[in-house]
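Participant: Task: produce atomic coordinates for the following.
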Amino acid sequence: MSDSPMFDTLESRTLLSAGHHHGGGHGHIPQPPSAAVQADLKQIKTDRQQLATDEKSLASTLRADRKALRAAIAALATTLDPLRQTLAADAKTWRQTIRADLKAIHTDRNDATKLAADKTKLQADQDAAKAALKADRDAIQKAIDADPTAKAAEDKLAADSKPIADDLAKLKADYDQLKKDIDAQKGTTTT
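Facilitator: Numbers count the residues shown, from 1 in each chain. Purely as a prediction, here's the structure:
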């Protein structure tokens with residue numbers, strides 16, 4: 001690492017650019033960056049390194065956890081297959097219904113009364129489809145959660161993933177703070 005201003009500027013831009021992949025998009029870093037912005041960038045760098053370390057150290061554990069979860073779910077095939085078939089059939093039916101609604105809207109586009117009714121029907125069908133498909137997915141998840149082996153595998157994966165989830169939450173907070181500090185340096189306010 002260098003203490004040169006050029007390196008720091010390039011590093012700041014790299015870190016900010018990397019932020020776009022984690023909900024960034026904070027704009028251009030003012031030059032020279034304020035002490036708060038510099039501290040934010042340093043914290044982001046530290047937290048990104050921690051994330052990389054945790055991802056590397058947990059990779060084999062999480063791979064094993066995902067494999068165990070897949071095996072537990074595969075063992076539930078006799079229970080899950082009919083639920084999955086229902087989901088697929090419902091999704092197909094709702095796609096056809098919504099496609100027909102869109103066709104009616106296109107056909108009736110020059111009749112304001114029919115068009116309004118078609119749009120109302122489309123919205124109602126979209127809402128009903130969303131609810132029906134959510135219920136189907138929830139039934140699948142409920143069946144998985146009801147199985148002790150699958151539930152234990154899910155819980156282990158969640159627990160073992162916690163350091164990475166915590167790292168990501170910390171990075172989001174870091175980027176939010178960076179945005180606030182950039183806005184403060186630029187003399188703007190955030191909502």
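
Participant: contacts, neighbours, all on C-alpha from now
Facilitator: Fine.

Participant: Tell me the predicted confidence for the closest residue in space to Pro163 that isn't next to it in sequence.
Facilitator: Nearest non-adjacent residue to Pro163, counting by C-alpha to C-alpha, 6 or more residues apart in numbering: Asp54, 6.8 Å away. On pLDDT, Asp54 comes in at 97.

Participant: count of residues packed around Asp54?
Facilitator: Counted with other C-alpha atoms under 10 Å, residues neighbouring Asp54 total 16.

Participant: in this structure, which ranges drop under the pLDDT threshold?
Facilitator: Counting by pLDDT under 70, the chain contains low-confidence residues at 1-27, 188-191.

Participant: can you pull out the helices in it?
Facilitator: With helices called from DSSP state H, the chain shows them at 5-19, 35-74, 77-107, 112-146, 148-186.

Participant: Mind putting the ones you listed into a markdown table with distance to Ile29?
Facilitator: As requested, the helices of the chain are exported to a markdown table (distance: least, C-alpha to C-alpha, whole Å):
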| stretch | distance to Ile29 |
| --- | --- |
| helix 5-19 | 7 |
| helix 35-74 | 8 |
| helix 77-107 | 46 |
| helix 112-146 | 42 |
| helix 148-186 | 7 |
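
Participant: what's the distance between Asp155 and Gln141?
Facilitator: Asp155 sits 13 Å away from Gln141, going by C-alpha to C-alpha, to the nearest Å.

Participant: go on, Arg95?
Facilitator: Here the criterion is C-alpha to C-alpha. By it, Arg95 lies 22 Å from Gln141.

Participant: Could you tell me the phi and psi values at the most far-flung residue of the chain relative to its centre?
Facilitator: Using C-alpha atoms, centre = their mean, the residue of the chain lying farthest from its centre is Asp111. It sits 40.7 Å away. Note on Asp111: its backbone torsions stand at phi -120, psi 100 [degrees, to the nearest 10].

Participant: close enough to count as contact, Lys119 and Ile105?
Facilitator: Yes. If you go by C-alpha atoms under 8 Å, Lys119 and Ile105 touch, sitting 6.7 Å apart.

Participant: Between the two, point out the one with more neighbours.
Facilitator: Ile105 (20 against 15).
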